[in-house]
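Colleague: Generate a structure from the sequence data that follows.
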Amino acid sequence: MAVLSATDPVVVDRDAGETDATTVVTYQKQEHEVLWLRPPGGGWDRPNLFLLVGEADAEERGSFAFVLRPGEVLQVVVYRDGLMPSEEVEEQLRAEAYVRVHCLLGRRDLISDRGQQTGGTWHRQSVATHVPTRVVLAAVTPVPPVLGPAGFPVLTAVAEARATRDGTGTLHELVLLPLLPGQHRFCTVVVADDAGDWDVLVTELDTLRRQLTVEFPTLHVYDDGDPGGYGEASFTFQVLHRRAPDPVLLQEFHRPTADIDDWGETARPYALGFAHVGQPQRVRDGEQHVWVASRGLEEDGFLEPDEAAGSWGVRLPLPSGPWEEVTGAQMRLDCPPSSDGSSFHYGVDVRWSVAYVP
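Modeller: Residues are numbered from 1 along each chain as shown. Model (predicted):
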C-alpha cells in the first residue's frame, strides 16, 4: 500500500521577509505504482523520480522538496500502473495515496457566515465566505487545535473524521464522518483565497447518543442432528461489540435444553422472544461496531457424541451519516455444523433498530 505525506500547509511569514515556503513530500510505493505530480498552475506530470530524488531506490521510496508561493497548491498522487489523474474525479477517491499542499500567507477576515447540524455519527459544517475560497482543512478532533506558526491552527490529536475538499466557491457544505456517538468534539475548518490569505472557524459539537435494539424473535431448525427422531439441544445468543477471540459482550441470552424437531428438515420455527433493549449510550472507540453470534449444542447422551453448531458472529450494518437511523432491519444468522461429524444445523432471525437521541 502506497504512503504519501507532506508538510501541509506551509505558511509564508511576511514579517520575517519571506516570499515563499518549502514543503517536503515523502513517499513509499510499489515499483508498479506510479507517482504523479501537479505543480501550481500546471497539469499532471509523471516525473522522473531518479532525477527528482537522486537515489537508486527512488521508484519505491524517497522524499523531495518543493518551493511554493502564497496561494499556490501542489498535488501529488500515487496510482496503480495504467491509471492516470482525471480532471473530473476527486483524485483521493481513486488513488492509492494522495496529498495536497497549500501555501498560505496571513490570516484575514474571509468567513461571513456559518451553520451546523450534528447527528450521532456525522457533523455537517457550512461555511460562507466573502470571496471565493477553497477548503484547506476540515477535521473533527477530541480536543481543540492549538496555534502554530503565524497563528495557524495545528491539530494535536488524530482527527476522528475529515471532509473531502469541495473545490473553490463562496459556500462550503462539509459533512464529516464517521464520528463516535455521544461525544464532545471540536470541528476545525480553514479556508484560503487565491492570494494565500486564510481564515479559520473552530466550533464545538456534541454527537447524539446511540440507542440500540437487537431482537432474536425466531429459531429455525434445519437439521435436529438426530435422524431417528427428535433431538435435544440448548442455545446461546449474543450481542457483542467485538467477537471472539477477544469478545466484548453486550448481552447474552440462553435457551435451556429442550426437545427440538426439524419436521423432516423443513426448518421448523420456534418462538424465542429474546431482545436487547439498550439505553442511550455514549459510544467509545472500539464500541462502534455491533455483532451477533450464536452457539447450539445437540445432546445425544452416552451412546453418541454431542453435536455442535453455531456462528462466531456477523457484524450488523450500522450506517454513518445523515441516514444513520435503522428501523426494523432483518437478517437470518446461519449456524452450520461446527463439530466433527455433526449434522446439527439451525438459523436464528435477527431484527435490529438504531436511534440517536440527545
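Colleague: ok, P280 to F186 distance?
Modeller: To F186, P280 is 22 Å away according to Cβ to Cβ, to the nearest Å. Backbone N, C-alpha and C define where each C-beta goes, glycine included.
Colleague: what's the answer for S234, then?
Modeller: Applying Cβ to Cβ, one obtains 50 Å for the distance of S234 from F186.
Colleague: Compare neighbour counts for those two and give me the winner.
Modeller: Relative neighbour count places F186 above the other of S234 and F186, with 18 against 15, counting by other Cβ atoms under 10 Å.
Colleague: bridging residues for V3?
Modeller: Beta-bridge pairing of V3, defined through DSSP bridges, involves Q28.
Colleague: Quick one: residues contacting it.
Modeller: Shown in contact with V3 (Cβ atoms under 8 Å, 6 or more residues apart in numbering): 26-29, 97.
Colleague: now do 7 Å
Modeller: Under the criterion of Cβ atoms under 7 Å, 6 or more residues apart in numbering, the neighbours of V3 are 27-28, 97.
Colleague: got it, and G313?
Modeller: For G313, the contacting residues are 240, 243, 291-293, taking Cβ under 7 Å, 6+ apart as the criterion.
Colleague: Tabulate those residues in TSV, adding columns for pLDDT, distance to H102 and neighbour count.
Modeller: As requested, those are exported to TSV (pLDDT from 0 to 100; distance: Cβ to Cβ, whole Å; neighbours: other Cβ atoms under 10 Å):
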residue	pLDDT	distance to H102	neighbour count
L240	95	43	19
R243	79	43	19
W291	97	41	22
V292	97	45	23
A293	97	47	22
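Colleague: okay, among these, which ones form the most distant pair?
Modeller: Distance extremes for these: the farthest pair is R243 and V292 at 9.1 Å, using Cβ to Cβ.
Colleague: who wins for most neighbours among the contacts of V3?
Modeller: Result: Y27 is most packed of the contacts of V3 (other Cβ under 10 Å), 23 neighbours.
Colleague: what's the distance between the spatially closest residue to that residue that is not a sequence neighbour and R80?
Modeller: For Y27, ignoring the flanking residues on the chain, the nearest one in space by Cβ to Cβ, 6 or more residues apart in numbering is L4 at 5.2 Å. Relative to R80, L4 is positioned 14 Å away (Cβ to Cβ).
Colleague: can you check V214 too?
Modeller: Here V214 is placed at a distance of 40 Å from R80 (Cβ to Cβ).
Colleague: got it, and L177?
Modeller: From L177 over to R80 the distance is 27 Å, taken as Cβ to Cβ.
Colleague: So which of the two has more stuff around it?
Modeller: L177 (19 against 14).
Colleague: and the gap between that one and T121?
Modeller: Using Cβ to Cβ, one obtains 6 Å as the distance from L177 to T121.
Colleague: State the phi and psi torsions of the most centrally placed residue in the chain.
Modeller: Centroid check for the chain by Cα atoms, centre = their mean gives P178 as the closest residue, at 5.5 Å. Backbone dihedrals for P178, given as degrees, to the nearest 10, come out at phi -80, psi 150.
Colleague: Spatially nearest residue to it (excluding sequence neighbours)?
Modeller: S320 (3.7 Å).
Colleague: do the same with L68
Modeller: Using Cβ to Cβ, 6+ apart and skipping residues adjacent in sequence, the residue nearest L68 is C103, 3.6 Å away.
Colleague: Where does the one you found fall, secondary structure wise?
Modeller: strand 97-104 (DSSP states H and E).
Colleague: in the chain, which spans are helices?
Modeller: Assigned by DSSP state H, the helices in the chain fall at 49-53, 91-94.
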